[in-house]
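Trainee: here is my input, please return the structure:
(chains A, B, C, D, E and F)
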6 protein chains.
Amino acid sequence: MNDRFDRGWAKLKEIDGEAGEKVVAALNDVAPDLGQVCIEFAFGDVMSRPGLDLKSRELCTVAALTALGNAAPQLEVHIHGALNVGCTPEEIVEVVIQMAVYAGFPAALNGMFVAKKVFAERGVQVETTMN
Amino acid sequence: MNDRFDRGWAKLKEIDGEAGEKVVAALNDVAPDLGQVCIEFAFGDVMSRPGLDLKSRELCTVAALTALGNAAPQLEVHIHGALNVGCTPEEIVEVVIQMAVYAGFPAALNGMFVAKKVFAERGVQVETTMN
Amino acid sequence: MNDRFDRGWAKLKEIDGEAGEKVVAALNDVAPDLGQVCIEFAFGDVMSRPGLDLKSRELCTVAALTALGNAAPQLEVHIHGALNVGCTPEEIVEVVIQMAVYAGFPAALNGMFVAKKVFAERGVQVETTMN
Amino acid sequence: MNDRFDRGWAKLKEIDGEAGEKVVAALNDVAPDLGQVCIEFAFGDVMSRPGLDLKSRELCTVAALTALGNAAPQLEVHIHGALNVGCTPEEIVEVVIQMAVYAGFPAALNGMFVAKKVFAERGVQVETTMN
Amino acid sequence: MNDRFDRGWAKLKEIDGEAGEKVVAALNDVAPDLGQVCIEFAFGDVMSRPGLDLKSRELCTVAALTALGNAAPQLEVHIHGALNVGCTPEEIVEVVIQMAVYAGFPAALNGMFVAKKVFAERGVQVETTMN
Amino acid sequence: MNDRFDRGWAKLKEIDGEAGEKVVAALNDVAPDLGQVCIEFAFGDVMSRPGLDLKSRELCTVAALTALGNAAPQLEVHIHGALNVGCTPEEIVEVVIQMAVYAGFPAALNGMFVAKKVFAERGVQVETTMN
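Mentor: Predicted structure coming up:
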């Protein structure tokens, strides 16, 4: 459609794979423009910027969505995304645990159960540790 | 019961129809007073005030509940309410899209999927546009 | 494991009974450390402190989780907890109603429906009042 | 003006003293109705309800406002209020510390610095403890 | 710079006047790109969309920022903006009062004091009413 | 005092330098225990964990505090901290810009102005880019 859309679409597929495409498709009959600006702005303008590697971007997204605590569907998509771009499950677990400090235990627990669901769907084993 | 209650009850029915009555009924065995003050204060004192037309009030409610992001059941009731008092589905979609600016994409996406559910229940077609 | 853990575990069981244990168990395969620090810090360090009785602590927890509005599973556990440590259903209802003032009606309504579910599970009757 | 207003005004003065009156006065030239419904609803309808003692109500308010984290002026008024109705500074400190568990350390730290300011204004000494 | 920027810049000036330009200028030495995407996306893509009149958009923005409660500087800019595009001070006051229902009294009080400051800066008199 | 405290204190100094010590000192007369558990739990238990490098932890903290939007003093401390542990100003700017996607423009703008203040205090020049 335009450069921003193409760049955003490629970035969406790199990060979120089919899960991201499904979110956009679900908007088609009600607000395709929201899907379009999400691809153009969120993925084309912002997530495609140089200056921070994609792994760090996804870890920061997991941090923010866990802390906000009202974005479980998006957290699920971005935990998949974080794994897709090379984050380890152990790193994701670390970020979610750290959110207990900044956003409290309920936010961290709810985030961890989203991570647990994603890991189960992908058959991912987490190397657990005890302090 | 009293003037405020009567005025609030009429306003609740005008905005929310049966959906609002069901919420109040569901409180009966645990906290009928919460239903009562909701009708008296929220609908009798505030939503009944002159000075702003009801359509604008409902659009502002959709904006606020989408932005807060932790009130999906109430957002659902008030998207029904917005349609009941004459807002078009296109206006509701616009307000939800705009919340991406102020409250982020997760809030806007979650709000839009609530709108999509309400539109489907009512058989409402949205006239979609592309920028 | 250590004094903090033992004290926290005892406090967790005193407040939350089996529900708390289940949350911790559910973390075992993904982040047992989060369960451990939750027991050690939240229950061993903080909830075990002298200076405020446990009933007041649980009422304050119900207040905070209702107000935050993004922690329904934890609110459910702590409404059970509040009842377990001697709060009456009427006191819990009062706290949730009061949150309408500070966090709005959606937060209070969502909190009340969690309370209603907990009361139903335990066969608890609330003595309702009308102002 | 009416029973609810009179009851609310008396309760406002009991809890907040002059600080509450000043907030209401500051609304006079822009939205006296907001002051009125605050007195009628928040203080007349809700804070005046039987079923929970005023000390518990104020501790729950301190909990909620600390957790929400965006209501520093109101938290300041209600820490004064909590002291006015008989809460000890030590109990207030306990509630704020507990919020680190549910809303994170930033919320608890910001709440504690509000408490510190209030205690200094009143010349209140807190009996500090170390775990 | 491009069509979206030009359309956004014109819309920013229409809504916010010099206040909006100052925010963008303040970003110049640290993150001019954030100013650019704000103009392009927020004002060029979203606020410029047809389908909802600008007055309704600004009222919805005032509603959302009051409800979120953590965006006082932006609320100030958009209360100026709402007045600039033809909202009356009485309508703005109504929207802020209504937020007491959805986001609680602290959010509404803090929002009203921002409105009071803006009205004072502009020498605007509000026609106050009592229910 | 104990191993956790010593480990946390060393980590606090590594991340935050004197700024962190000042926060803890400011708690001494009102709630030294909150400072102690902050050091022990936040820095000794969580920020000291292996499994995620300190740079990533600080970027995630900047992301979370920007997104939450109600923790400006802590965001200031942690932008200093991020620079102290080797994050570049450009990476910090990137994370804050990205938060516009997840938490909206007001949160990102407010976060950026905190970053601007920190950079000015340290005489840090940001290499700005335009998309």
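Trainee: which helices and strands does the lengthiest helix in chain A pack with?
Mentor: Looking across chain A with DSSP state H, the single longest helix is helix A:105-122. Where contact means 3 or more Cβ pairs under 8 Å, 6 or more residues apart in numbering or on different chains; DSSP states H and E, helix A:105-122 is packed against helix A:54-68, helix A:72-84, helix A:89-103, helix C:18-26, helix C:32-37, helix C:72-84, helix D:89-103. C-beta: built from backbone N, CA, C; applies to glycine.
Trainee: please point out which parts of it sit buried.
Mentor: A:105-116, A:118-119 (16 or more other Cβ atoms under 10 Å in any protein chain shown).
Trainee: among the helices and strands of chain A, which has the poorest mean pLDDT?
Mentor: In chain A, the helix or strand scored least confidently by mean pLDDT, DSSP states H and E is helix A:18-26, which has a mean of 91.
Trainee: tell me if that one is near chain F.
Mentor: No. Helix A:18-26 is not in contact with chain F by Cβ under 8 Å from any Cβ of the partner chain; minimum separation 13.2 Å.
Trainee: quick one: contacts for the closest residue to residue A:108 other than its chain neighbours?
Mentor: For residue A:108, ignoring the flanking residues on the chain, the nearest one in space by Cβ to Cβ, 6 or more residues apart in numbering or on different chains is residue A:100 at 3.8 Å. For residue A:100, the contact set (Cβ atoms under 8 Å, 6 or more residues apart in numbering or on different chains) comprises A:107, A:108, C:34, C:37, C:38, D:104, F:46.
Trainee: next one: the spatially most central residue of chain A from chain C, what distance?
Mentor: In chain A, the centroid-proximal residue (Cα atoms, centre = their mean) is residue A:78; its distance is 1.4 Å. Per Cβ to the nearest Cβ, to the nearest Å, residue A:78 is found 17 Å from chain C.
Trainee: again, but for residue A:62
Mentor: As defined by Cβ to the nearest Cβ, residue A:62 lies at a distance of 13 Å from chain C.
Trainee: circling back to that earlier point, residues of the least confident helix or strand of chain A that come out buried?
Mentor: Buried positions in helix A:18-26, judged by neighbour count with 16+ other Cβ under 10 Å: A:19, A:20, A:23, A:24.
Trainee: check the residue lying closest to residue A:118 once chain neighbours are set aside and give its pLDDT.
Mentor: Distances taken as Cβ to Cβ, 6+ apart place residue A:79 nearest to residue A:118, at 4.5 Å, with adjacent residues excluded. We have a pLDDT of 98 for residue A:79.
Trainee: test my guess that residue A:79 contacts residue A:62.
Mentor: Yes. Here residue A:79 reaches residue A:62: they are 6.1 Å apart, a contact under Cβ atoms under 8 Å.
Trainee: joint contacts of the two?
Mentor: Listed as contacting both residue A:79 and residue A:62 by Cβ under 8 Å, 6+ apart are residue A:92.
Trainee: hmm, back to that, okay, the helices and strands packed on helix A:105-122 in a markdown table with distance to residue F:70 next?
Mentor: Converted to a markdown table, those look like this (distance: least, Cβ to Cβ, whole Å):
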| stretch | distance to residue F:70 |
| --- | --- |
| helix A:54-68 | 11 |
| helix A:72-84 | 20 |
| helix A:89-103 | 10 |
| helix C:18-26 | 26 |
| helix C:32-37 | 23 |
| helix C:72-84 | 19 |
| helix D:89-103 | 9 |
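Trainee: and these, which one averages the lowest pLDDT?
Mentor: Within these, confidence is poorest for helix C:18-26, with a mean of 91 (mean pLDDT).
Trainee: now that helix, how far from the centre of its chain.
Mentor: Centroid separation between helix C:18-26 and its chain, computed with Cα atoms, centre = their mean, to the nearest Å, is 13 Å.
Trainee: counting by contacts, list what that helix packs against.
Mentor: Counting contacts by 3+ Cβ pairs under 8 Å, 6+ apart, helix C:18-26 packs against helix A:105-122, helix C:3-16, helix C:32-37, helix C:72-84.
Trainee: can you list contacts of the first one?
Mentor: Taking Cβ under 8 Å, 6+ apart as the criterion, the residues outside helix A:105-122 that touch it are A:62, A:65-69, A:72, A:75-76, A:79-80, A:83, A:89, A:92-93, A:96-97, A:99-100, A:124-126, C:23, C:26-27, C:29-31, C:34, C:38, C:42, C:65, C:68, C:70-71, C:73-74, D:101-102, D:104.
Trainee: again, only using 7 Å
Mentor: A:66-67, A:69, A:72, A:75-76, A:79-80, A:83, A:89, A:92-93, A:96-97, A:99-100, A:126, C:23, C:27, C:30-31, C:34, C:38, C:42, C:65, C:71, C:73-74, D:101-102 (Cβ atoms under 7 Å, 6 or more residues apart in numbering or on different chains).
Trainee: before we move on, what about the last one?
Mentor: Residues from elsewhere that reach helix C:72-84, judged by Cβ under 7 Å, 6+ apart: A:106, A:109-110, C:15-17, C:19-20, C:23, C:58-59, C:61-62, C:65-66, C:89, C:92, C:111, C:114-115, C:117-118, C:122.
Trainee: just the buried ones from the contacts of helix A:105-122?
Mentor: For these, buried by 16+ other Cβ under 10 Å: A:66-67, A:69, A:72, A:75-76, A:79-80, A:83, A:89, A:92-93, A:96-97, A:99-100, A:126, C:23, C:27, C:30-31, C:34, C:38, C:42, C:65, C:71, C:74, D:101-102.
Trainee: so how far is residue C:48 from residue A:10?
Mentor: Distance, residue A:10 to residue C:48, using Cβ to Cβ, to the nearest Å: 53 Å.
Trainee: tell me how chain A divides into domains.
Mentor: Following automatic domain parsing, chain A resolves into domains at A:1-50, A:52-131.
Trainee: any chance of JSON lines for those, columns distance to residue C:6?
Mentor: Output for those, formatted as JSON lines (distance: least, Cβ to Cβ, whole Å):
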{"stretch": "domain A:1-50", "distance to residue C:6": "43"}
{"stretch": "domain A:52-131", "distance to residue C:6": "15"}
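Trainee: tally of neighbours for the closest residue to residue A:98 other than its chain neighbours?
Mentor: For residue A:98, ignoring the flanking residues on the chain, the nearest one in space by Cβ to Cβ, 6+ apart is residue F:46 at 5.6 Å. Residue F:46 has 25 neighbouring residues, counting by other Cβ atoms under 10 Å in any protein chain shown.
Trainee: again, but for residue A:104
Mentor: Neighbour count of residue A:104, defined by other Cβ under 10 Å: 30.
Trainee: that one touches residue D:104, doesn't it?
Mentor: Yes. The pair formed by residue A:104 and residue D:104 meets the contact definition of Cβ atoms under 7 Å, at 4.4 Å.
Trainee: please name the nearest non-neighbouring residue to the residue of chain A found nearest chain E.
Mentor: Nearest to chain E in chain A, going by Cβ to the nearest Cβ, is residue A:41, at a distance of 4.7 Å. Nearest residue to residue A:41, sequence neighbours excluded (Cβ to Cβ, 6+ apart): residue E:41, at 4.7 Å.
Trainee: may I have the phi/psi pair for the one you found?
Mentor: Main-chain torsions, residue E:41, degrees, to the nearest 10: phi -80, psi -60.
Trainee: now the longest helix of chain A and helix A:89-103, what's the angle there?
Mentor: Put simply, helix A:105-122 runs at 160 degrees to helix A:89-103, going by axes from the mean of the first three to the mean of the last three Cα atoms, to 10 degrees.
Trainee: residue A:47 against residue A:12, yeah?
Mentor: No. At 8.1 Å, residue A:47 does not count as touching residue A:12 under the criterion of Cβ under 7 Å.
Trainee: re earlier: between residue A:10 and residue C:48, which has more neighbouring residues?
Mentor: Using other Cβ under 10 Å, the more surrounded residue of residue A:10 and residue C:48 is residue C:48, with 18 against 14.
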